[in-house]
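Enquirer: here is a sequence with its predicted model. Questions after.
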Amino acid sequence: MTADATNRELQSYKYVSAYIKKTNPGWKLMKIQGMKAVCKRIEEEGD
């Protein structure tokens, strides 16, 4: 996927971030540690 990319880390981050946003709308990607994505639940206003 990122073999020819000039900035592999950024491309991977964007891909994983978009995937999480699409599949888990209440969560946000914070960082990637190795092969694990560290996510945080988005708090809604008024809760």
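Expert: It's in.
Enquirer: switch to C-alpha atoms for all contacts and neighbour counts from now on
Expert: Will do.
Enquirer: where does the spatially most central residue of the chain land in three-state SS?
Expert: Nearest residue to the geometric centre of the chain (Cα atoms, centre = their mean): residue 17, 2.5 Å. When classified by DSSP: H, G, I helix; E, B strand; the rest coil, residue 17 comes out as helix.
Enquirer: same check on residue 38?
Expert: Assignment for residue 38 (three-state DSSP): strand.
Enquirer: try residue 20
Expert: Look at residue 20: counting by three-state DSSP, its state is helix.
Enquirer: and for residue 9?
Expert: Judged by three-state DSSP, the three-state class of residue 9 is helix.
Enquirer: that one: how many residues sit nearby?
Expert: Residue 9 has 11 neighbouring residues, counting by other Cα atoms under 10 Å.
Enquirer: gap between it and residue 23?
Expert: Separation of residue 9 from residue 23 (Cα to Cα, to the nearest Å) stands at 21 Å.
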